[in-house]
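[1] Prediction below, plus the sequence it came from.
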Number of protein chains: 2
Amino acid sequence: MTPKIERFFAENQPDTPCLVVDLDIVAQNYQALCDELPGTEIFYAVKANPAEPVLALLRDLGSYFDAASIYEIEQCLALGITPDRLSFGHTVKKEAHIQRAFDVGIRQFAFDSIQELEKLSRAAPGASVYCRYLTPNGGADWPLSDKFGCHPDNVTDLLCNAADLGLVPSGVSFHVGSQQRNPTAWNTAISTAARIFSSVSDRGIELSLLNLGGGFPSHYRTPMCALPDYTDAVKHSLRHYFGDRSLRVIAEPGRYIPGDAGVIQSEVVLISRKSSNEVKRWVYLDVGKFGGLPEVLDEAIQYRIRTPHDGGATGPVVLAGPTCDEVDVIYDAAGYELPLGLSIGDRVEILSAGAYTASYASVGFNGFPPLKEYYI
Amino acid sequence: MTPKIERFFAENQPDTPCLVVDLDIVAQNYQALCDELPGTEIFYAVKANPAEPVLALLRDLGSYFDAASIYEIEQCLALGITPDRLSFGHTVKKEAHIQRAFDVGIRQFAFDSIQELEKLSRAAPGASVYCRYLTPNGGADWPLSDKFGCHPDNVTDLLCNAADLGLVPSGVSFHVGSQQRNPTAWNTAISTAARIFSSVSDRGIELSLLNLGGGFPSHYRTPMCALPDYTDAVKHSLRHYFGDRSLRVIAEPGRYIPGDAGVIQSEVVLISRKSSNEVKRWVYLDVGKFGGLPEVLDEAIQYRIRTPHDGGATGPVVLAGPTCDEVDVIYDAAGYELPLGLSIGDRVEILSAGAYTASYASVGFNGFPPLKEYYI
């Protein structure tokens, strides 16, 4: 919560649910990353919050952009971001979309399979490509799968294949997992990168690009280390494994940049008990899993919640969303407690909700409109 | 897949992903329920598929409608559906929304708590209310929680409270769980209803409404019983527990009506392996969890999938959606196999996808537009 957002709520009393993002915080977070990772190019992961005011602000601050789809690329171009500042960072793309991206000037693409390389060689001949590999994700709060990245042992062959196919194998990327709690999580992945650089060099190809991915956290319920703890660990690993080798290092922060800048305000629709002798209250909000809080799936991301009664005695709650879907429960097992003084009609705030919220909202499940957004 | 949908795909070659719904099947399913449950009023659960062509068709066939929000109510009214054909079936509503519904003529509301009754008594004085209670959900494929419904032991008191508050306590409702596989699942809930009718009668109030909820299934991967197996079991339980007592019975089918009428066509974006010696292929589609298939959460709803190579040799796959979110995996543990002949660029069809798909799609996560819909 920032004074600017506080003032916005007080002066405007907007209809709930709504997301309010303080653009000053977005700018501060971007600048902090630039300061702590000097020489590293920041490719903002558009998917974290693709709102135009966020993109325009970062454009003016000199950011680069990591796009997950041709639609995000076209959105950035429409905002005057030049194609050399864009990377098509998704390893899985329709060939027609690669073609459209190449046609508008995109020259940097991710991949993690020979099949994707073949598409790239046809639709984006001569483009720069980097290979994403799997790396352990322990310590990350947002659950990860093996969906993206190939086994590290396959990377060298794939980069050589890229060269054979007329592409420019520029380097490698990985992702340590979203909302990564462990500052040293990048270390293993960077050591793997160094091994790959060396084995590719043995095959006569010099790589130049190391893409650190994202993973830098926002402030949810579990206290996090400060940004320098993360960036110091990353710089230490880079020095340790790459020494003073000339290297183009890029990072793709998503959540970190707008996450802490946003607050969702929501109204308490009902507080009830399932039977008269139960202690646990059910608290129903007007925002839930299908209206902008998808990351509460499996109670993975646990937001801080502010109420008008904070400081008073609390009791256990199940927190639920507004739709008729019984799956639309926000927190149960996570053991949230809320003030006993909380009443129907109260407004509560879900903090650090600036990333991975509004763009995920459903078009209209149960008829509820998508999350309203204000950028101030 | 119906001949009409088949023809539509052949003639139009629409961009994928898209949902095509055969309205003849919607009408047939509605009629089948009317035929098998004579005397039961069918309140279509709008949330299952709120597309205008579906609502207009059911309007013309004489259906009633169960609305989950004031927005669904307003949508129905705009289509010329009169308020006496609408029920506000959500037990958790903003008081301002109850007021809006009451103002436009809605007189039938669900509740499951004293707190909701108090709102109803202020915002909808004199309206008919029915109380939803919890009932076991074993056999249901779409996971359920205790989110809606109170303990059955509390219902009698609550219905008496309703009368004290100037409302008309009309009856009870329950939900046996969505995509219910067990035809006898309604039996326990109906026996509970009979007990409640009797204990409320002892307090001097005669109930008249029994709301059977939804739960009638669509055809996914696990073969289901035929509709008459369900309706015969329901009718048997009604006779057994209510005899020939005069009763207004209503049902709130959602999934059953449009589910089997819809097909999602999707393109295979990539087929790859995570390492060269792995048997399991990753198959990436252009539709996934955030683009219209939310019910694959926890692999709960397992759709039948049709490919151009059906009949040939198959092998194990992980099926994944198009977004950069690693959580956007469709099926892994469920053990799907797809033809070894499947190729990048092939179109596959996800069958029985007419319910709980398009309206759930995100507004634009990763920039992908919402699921395109055709009603034919």
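    In hand now; what should we look at?

[2] near chain B, which residues of the stretch 201-350 of chain A?
    Within the stretch 201-350 of chain A, the positions adjacent to chain B are A:267, A:269-276, A:282, A:284, A:286, A:290, A:294, A:297, A:320, A:322-329, A:332, A:344-345 by C-beta under 8 Å from any C-beta of the partner chain. Glycine gets a C-beta too; all of them are placed from N, C-alpha and C.

[3] List buried residues within those residues.
    Buried by 16 or more other C-beta atoms under 10 Å in any protein chain shown: A:267, A:269-274, A:282, A:284, A:286, A:290, A:294, A:297, A:320, A:322-329, A:332, A:344, out of these.

[4] quick one: which of those residues sit in strands?
    Judged by DSSP state E, the subset of those located in strands is A:267, A:269-272, A:282, A:284, A:320, A:329.

[5] Mind pulling up the pLDDT for A:L165?
    According to the prediction, A:L165 has pLDDT 98.

[6] for A:L144, same thing?
    68.

[7] do the one 5 residues further on as well
    Per-residue pLDDT puts A:G149 at 95.

[8] Likewise for A:G139?
    Note for A:G139: predicted pLDDT of 81.

[9] Same check on A:D244?
    In this model, A:D244 is scored at 88, pLDDT.

[10] what's the distance between it and chain B?
    To chain B, A:D244 is 33 Å away according to C-beta to the nearest C-beta, to the nearest Å.

[11] Can you give the domain ranges for chain A?
    A:50-251, A:261-375 (automatic domain parsing).

[12] The helix or strand containing A:F8 packs against which elements?
    Assigned by DSSP states H and E, A:F8 falls within helix A:3-12. Applying 3 or more C-beta pairs under 8 Å, 6 or more residues apart in numbering or on different chains; DSSP states H and E, one finds that helix A:3-12 contacts strand A:18-21.

[13] Alpha carbons of the strand it packs on, as CSV, please.
    Listed next in CSV are the C-alpha coordinates belonging to strand A:18-21 (Å, rounded to 0.1, in the frame of the first residue of the first chain):
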residue,chain,number,x,y,z
CYS,A,18,-10.5,-3.3,-8.7
LEU,A,19,-6.8,-3.2,-9.1
VAL,A,20,-4.9,0.0,-8.5
VAL,A,21,-1.2,0.2,-9.6
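
[14] Need the contact partners of it.
    Strand A:18-21 is contacted from outside by A:5, A:8-9, A:14, A:49, A:51, A:53-54, A:258, A:261-265, A:292, A:353-354, A:357-358, A:371-376, using C-beta atoms under 8 Å, 6 or more residues apart in numbering or on different chains.

[15] Out of those, which end up buried?
    For these, buried by 16+ other C-beta under 10 Å: A:5, A:8-9, A:49, A:51, A:54, A:258, A:261-265, A:292, A:353-354, A:357-358, A:371-375.

[16] low pLDDT regions in the stretch 101-250 of chain A?
    A:143-144 (pLDDT under 70).

[17] try 90
    Counting by pLDDT under 90, the stretch 101-250 of chain A contains low-confidence ranges at A:136-146, A:177-178, A:181, A:244.

[18] Can you show me the helices along it?
    A:114-123, A:155-164, A:185-202, A:227-242 (DSSP state H, counting those that start in this stretch).

[19] Nearest spatial neighbour of A:Y230, chain-adjacent residues omitted?
    Among residues not flanking A:Y230 along the chain, A:P183 sits closest, at 4.6 Å (C-beta to C-beta, 6 or more residues apart in numbering or on different chains).

[20] tell me the contacts of the one you found?
    Contacts of A:P183 (C-beta under 8 Å, 6+ apart): A:225, A:229-230, A:232-233.

[21] Kindly supply the ChimeraX command isolating those of these that are buried.
    Selecting only the buried entries of the contacts of A:P183 in ChimeraX, with 16+ other C-beta under 10 Å as the criterion:
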select /A:230,233
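
[22] need the contacts of A:P183 in CSV with distance to A:A189, can you?
    Below are the contacts of A:P183 laid out as CSV (distance: C-beta to C-beta, whole Å):
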residue, distance to A:A189
A:C225, 18
A:D229, 17
A:Y230, 13
A:D232, 16
A:A233, 12
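
[23] so which two of the contacts of A:P183 are the farthest from each other?
    A:C225 and A:D232 (9.9 Å; C-beta to C-beta).

[24] picking that back up, pick the one among the contacts of A:P183 closest to B:G367.
    A:Y230 (27.5 Å).

[25] so the closest one makes contact with A:F216?
    Yes. A:Y230 lies in contact with A:F216 (C-beta atoms under 8 Å); the separation is 5.8 Å.

[26] Now do the shared contacts for these two.
    With C-beta under 8 Å, 6+ apart, A:Y230 and A:F216 have common neighbours A:Q180.

[27] Mind pulling up the pLDDT for the nearest residue to A:D153 once chain neighbours are set aside?
    Nearest residue to A:D153, sequence neighbours excluded (C-beta to C-beta, 6+ apart): B:S275, at 6.7 Å. With respect to pLDDT, B:S275 scores 83.

[28] wait, which of the contacts of A:P183 is closest to chain B?
    Chain B has its nearest neighbour among the contacts of A:P183 in A:Y230, at 20.1 Å by C-beta to the nearest C-beta.
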